[in-house]
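Undergrad: Need a 3D model of the sequence below.
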Amino acid sequence: MKVLVTGAGFCKPIMKENLEYLASFADEVINYATPKPHTPEEIMSMWDGVDGIIAGVEPYTAQMLEKAPPTLKVISRYGVGFNSIDVDAARERGILVTNTPGANSMAVAELTIGLLLAVVRNIPSNSATVKEGKWERQMSIGLEGKTLGILGLGAIGRNVANAAKAFNMRVIAYDPFWPEQFAAEKQIERKDTMEEVLKESDMVSLHLPATKETTDIINTSTIQCMRPGAYLVNAARGELVDLDAVYDALVSGQLSGYAADAFKQEPPEPHPIMSCPNAVFTAHTGAFTEQAAINMGRASIENLKAVLETGSCRYAVNQK
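TA: Below you'll find the predicted structure:
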């Protein structure tokens with residue numbers, strides 16, 4: 001069993017035990033993990049004879065997979081998103097693609113709440129003025145009693161809902177796969193459409209996957225559905241948001257603030273939204289806590305092991 005590791009998290013010292021565990025059952029481990037994603041050419045230079053890859057965010061296109069070694073049986077994503085992998089092309093070659101849902105859900109939920117508080121309470125600008133020697137007590141709004149609308153009640157969305165309830169917020173949500181028991185226990189109000197959530201929310205948090213259907217789901221039209229002066233948080237995928245539309249809404253006042261941890265292109269290209277005082281950004285760090293990294297690492301190894309030993313995995317995203 002020969003395994004290639006490219007997931008960025010595996011270049012960190014905290015992955016020592018995970019790498020030791022991988023080496024305990026794999027005959028050969030090539031740890032090619034670096035902080036920067038690899039190019040297709042770099043991956044292909046290392047994958048001869050490998051049975052599995054623990055992959056980062058690097059792309060695996062149809063053209064690239066056509067050149068995959070015949071030994072390759074699994075691409076195990078270190079993380080949840082897999083839109084950088086052509087899963088159909090992988091399936092055609094008999095390659096299973098797996099991911100690690102839930103492994104980083106608490107970490108991303110924590111950052112989501114942090115971004116929400118940062119943009120609503122003006123924390124970055126307050127910090128900047130104090131560092132400049134000024135003492136300007138800026139008025140802001142709080143979370144208590146406000147309505148948080150959540151689009152997507154998966155593991156992350158549910159953790160965000162739990163945190164919002166601790167702030168005595170009203171939580172409403174839309175998800176076609178409604179978690180009945182959780183929603184009933186936590187008193188989460190179900191809405192039948194995304195538009196209903198947008199219309200009733202003071203703050204909206206996005207927790208949707210990046211698909212053809214969800215690309216630019218937040219656009220000029222849907223922003224107009226939102227309450228004037230609402231706040232928007234995107235700790236999910238950059239593809240969900242038309243950044244030009246959000247910028248226009250911030251300038252016009254339709255949105256009071258925008259906070260995001262993800263962009264369509266990362267690092268992002270220069271954009272006028274970066275100069276908006278009511279916009280807060282982080283560098284896709286939602287899953288970047290030590291515990292989340294360890295959890296995702298172990299889950300990605302277990303997924304790879306399951307495929308190579310049994311031919312299947314419960315977290316395969318392209319299994320027939």
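Undergrad: Helices along the protein, start to end?
TA: 16-25, 40-44, 62-65, 87-92, 105-120, 123-131, 155-166, 180-186, 194-200, 220-225, 243-252, 290-310 (DSSP state H).
Undergrad: which other residues reach the first one?
TA: What that stands for is helix 16-25. M1, V3, V5, F10, V29, N31, I54, I294, G297, R298, I301, K305 (CB atoms under 8 Å, 6 or more residues apart in numbering). All C-beta atoms are positioned from the backbone trio N, CA, C, and that covers glycine.
Undergrad: Closest one to M203 out of those, please.
TA: M203 lies nearest to I294 out of those, by CB to CB, at 31.0 Å.
Undergrad: which residues touch K305?
TA: Contacts for K305 (CB under 8 Å, 6+ apart) come out as F25.
Undergrad: any idea how far it lies from K212?
TA: Using CB to CB, to the nearest Å, K305 is found at 32 Å from K212.
Undergrad: Same question for R170.
TA: Taking CB to CB, one finds R170 at 32 Å from K212.
Undergrad: These two: which has the busier surroundings?
TA: Between R170 and K212, R170 has the larger neighbour count (other CB atoms under 10 Å), namely 17 against 6.
Undergrad: burial measure for the residue nearest to that one when sequence neighbours are not counted, as a count.
TA: Once flanking residues are discounted, R170 sits nearest to T147: 4.5 Å by CB to CB, 6 or more residues apart in numbering. By the criterion of other CB under 10 Å, T147 has 18 neighbours.
Undergrad: and what of the one 3 residues further on?
TA: Close neighbours of I150, defined as other CB under 10 Å, add up to 29.
Undergrad: ok, now which ones touch it?
TA: G157, V160, A161, V171, I172, A173, Y174, I188, V197, V204, S205, H207.
Undergrad: and the two most separated of those?
TA: Top of the distance list for the contacts of I150 (CB to CB): I188 and V204, 14.5 Å.
Undergrad: Let me see the contact set for the most centrally placed residue in the chain.
TA: The centre of the chain sits closest to A236, judged by CA atoms, centre = their mean, with a distance of 4.0 Å. By CB under 8 Å, 6+ apart, the contact list for A236 reads G152, I156, L206, H207, L208, P209, A210, A262.
Undergrad: With T147 instead?
TA: M169, R170, V171, I172, E200, S201, D202, M203.
Undergrad: Now render those residues as a markdown table, adding distance to T310 and pLDDT.
TA: Shown next, in a markdown table, are those (distance: CB to CB, whole Å; pLDDT from 0 to 100):
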| residue | distance to T310 | pLDDT |
| --- | --- | --- |
| M169 | 44 | 98 |
| R170 | 45 | 98 |
| V171 | 40 | 98 |
| I172 | 41 | 98 |
| E200 | 46 | 98 |
| S201 | 44 | 98 |
| D202 | 48 | 98 |
| M203 | 44 | 98 |
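Undergrad: would you list these in JSON lines and tack on distance to A90?
TA: As requested, the contacts of T147 are exported to JSON lines (distance: CB to CB, whole Å):
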{"residue": "M169", "distance to A90": "41"}
{"residue": "R170", "distance to A90": "43"}
{"residue": "V171", "distance to A90": "37"}
{"residue": "I172", "distance to A90": "37"}
{"residue": "E200", "distance to A90": "41"}
{"residue": "S201", "distance to A90": "38"}
{"residue": "D202", "distance to A90": "42"}
{"residue": "M203", "distance to A90": "38"}
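Undergrad: Return the member of those residues nearest to K134.
TA: Checking these against K134 with CB to CB, the nearest one is M203 at 27.8 Å.
Undergrad: For burial, what's the neighbour tally of the closest residue to the closest one other than its chain neighbours?
TA: Spatial nearest neighbour of M203, chain neighbours left out: Y231 (4.4 Å); criterion: CB to CB, 6+ apart. Using other CB under 10 Å, Y231 has 24 other residues around it.
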